[in-house]
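J.: what's the 3D shape of this:
(one chain, ligands or ions: 2)
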Amino acid sequence: MSIAVIKCGGSILDNLTDQFFGNIAKMQEKGIRPIVVHGGGSAIQDMLDKLNVTCSFVDGLRTTSADAMNVVEMVLSGYVNNALTRQINDNNIQAAGFSGSDAQLIQAEPINFERYGYVGDVTAVNTLFLQRMLDSGVVPVIAPIATGGDGSRYNVNADTAAGAIARDMNADRLIFMTDVPGIMQEEEVISNVSQTEIDHMIADGVIFGGMIPKVKAAAGSLGEGLSNVMIADAHQRISMSGFTGTIITK
Ligand SMILES: Nc1ncnc2c1ncn2[C@@H]1O[C@H](COP(=O)(O)OP(=O)(O)O)[C@@H](O)[C@H]1O
Ligand SMILES: CC(=O)N[C@@H](CCC(=O)OP(=O)(O)O)C(=O)O
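T.: Ligands and ions are numbered 1, 2, ... in the order given. Model (predicted):
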């Protein structure tokens, strides 16, 4: 059975096109089972601003205080997850939304509490639960909120969550759908790139900001099962032949 993890960036959630839903439907027709993981960084920021809760970004991660954690969970799990799941269902694809904390889907521990607050590093994924969903033909739509297993909850970067789920589910595909047509260098999309080249591109400042967690998640999930990771514009048709975007290999 073939599994595809599709990470839907917060940058594109407000203007998903028929192409995005068509990609999911096409995968299902081909017997590929999609799992959707979403972000929502911009929606979180809007709500933090409205509520006057301030956060800074350190190493591309939102430092998350207890107040900020309440807002992150409310926005990702309460608003974005419901809205995205509803849209997928409206496109005649049976999808069910989950917080990553439900059924302990995503388990985490703090990366470094002093430095980042309630930001989590994924320690385990409830693969059995996800497998059951996939077996019943449902597309799981997952918000990157994790549980510590002791009443604590964590804010996990959505790219990191997607990478961990792809790795633990032995997915065949991991696709980051975002607001740029792939990794760019001098205004050109790079069609193929290796991990070593990526390290240089980070060091040279060619890859920065929100692209960093994507390439790091790609590096952590590439292996025997997953031979490449795709980064594509959300409006792009996804197919191995004629794919326009960036393909990352080991
Ligand atoms: N080399 C690069 N090529 C393309 N985008 C890059 C690159 N380096 C940094 N970026 C930034 O990464 C952003 C995508 O990440 P992000 O804003 O976190 O989106 P998402 O919400 O989809 O995860 C792009 O909009 C761009 O500003
Ligand atoms: C720890 C951390 O940074 N978490 C992210 C979670 C959402 C996310 O990753 O959304 P995008 O995919 O839209 O960037 C945040 O709080 O913004």
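J.: what's across from Met230 in the sheet?
T.: Ile175, Ile247 (DSSP bridges).
J.: show me the contacts for it.
T.: 173-176, 238, 243, 245-248 (C-beta atoms under 8 Å, 6 or more residues apart in numbering). Any C-beta I mention is one placed from the backbone N, CA and C, and that applies to glycine too.
J.: quick one: list the elements packing against the helix or strand bottoming out on mean pLDDT in the chain.
T.: Of all helical and strand segments in the chain, the minimum by mean pLDDT, DSSP states H and E falls on strand 57-58, at a mean of 90. Judged by 3 or more C-beta pairs under 8 Å, 6 or more residues apart in numbering; DSSP states H and E, strand 57-58 is in contact with no other helix or strand.
J.: rerun at 10 Å
T.: The elements that strand 57-58 packs onto, with contact taken as 3 or more C-beta pairs under 10 Å, 6 or more residues apart in numbering; DSSP states H and E, are helix 113-116.
J.: buried ones in the helix it packs on?
T.: By 16 or more other C-beta atoms under 10 Å, the buried positions in helix 113-116 come out as Tyr116.
J.: mind checking if it is in reach of ligand 2?
T.: No: residues of helix 113-116 are not located near ligand 2 by C-beta under 6 Å from any ligand atom, the shortest gap being 7.2 Å.
J.: which element follows that helix toward the C-terminus?
T.: Downstream of helix 113-116, the next assigned helix or strand under DSSP states H and E is strand 120-125.
J.: please name every helix or strand in contact with that following strand.
T.: strand 106-110, strand 145-147, strand 153-155, helix 158-168.
J.: compare those and report which one is nearest to ligand 2.
T.: Closest to ligand 2 of the helices and strands packed on strand 120-125 is helix 158-168 (C-beta to the nearest ligand atom; 3.4 Å).
J.: quick one: the closest one near ligand 2?
T.: Yes: judged by C-beta under 6 Å from any ligand atom, helix 158-168 and ligand 2 are in contact via Ala158.
J.: report the rounded mean pLDDT for that helix.
T.: On average, the pLDDT along helix 158-168 is 97.
J.: again with stretch 11-31
T.: 92.
J.: what sits closest to Ala108 if chain neighbours are left out?
T.: Spatial nearest neighbour of Ala108, chain neighbours left out: Gly120 (3.0 Å); criterion: C-beta to C-beta, 6 or more residues apart in numbering.
J.: residue contacts, that neighbour?
T.: The contact partners of Gly120, by C-beta atoms under 10 Å, 6 or more residues apart in numbering, come to 64, 100, 106-111, 144-148, 152-157, 160-161.
J.: Met169 too?
T.: Applying C-beta under 10 Å, 6+ apart, one finds that Met169 lies in contact with 3-5, 33, 35, 125, 127, 130-131, 134, 221, 225-226.
J.: give me the buried subset of those.
T.: Here, 16+ other C-beta under 10 Å leaves 3-5, 33, 35, 125, 130, 134, 221, 226 buried among the contacts of Met169.
J.: ok, so of these, who is nearest Val206?
T.: Lowest distance from Val206 to these (C-beta to C-beta) belongs to Ser221, with 21.6 Å.
J.: tell me if I'm right that the closest one and Ala161 touch.
T.: No: using C-beta atoms under 10 Å, Ser221 is not in contact with Ala161, being 11.1 Å away.
J.: what touches both of the two?
T.: Joint contacts of Ser221 and Ala161 (C-beta under 10 Å, 6+ apart) are Val5.
J.: report the contact partners of whatever residue of the chain ends up closest to ligand 2.
T.: The nearest approach of the chain to ligand 2 comes at Gly39, 2.0 Å away (C-beta to the nearest ligand atom). By C-beta under 10 Å, 6+ apart, Gly39 lies in contact with 7-13, 76, 80, 143-144, 157-159, 161-162, 176, 178, 210, 213.
J.: swap in Ala219?
T.: Under the criterion of C-beta under 10 Å, 6+ apart, the contact list for Ala219 reads 163, 195, 198-199, 229, 248, 250.
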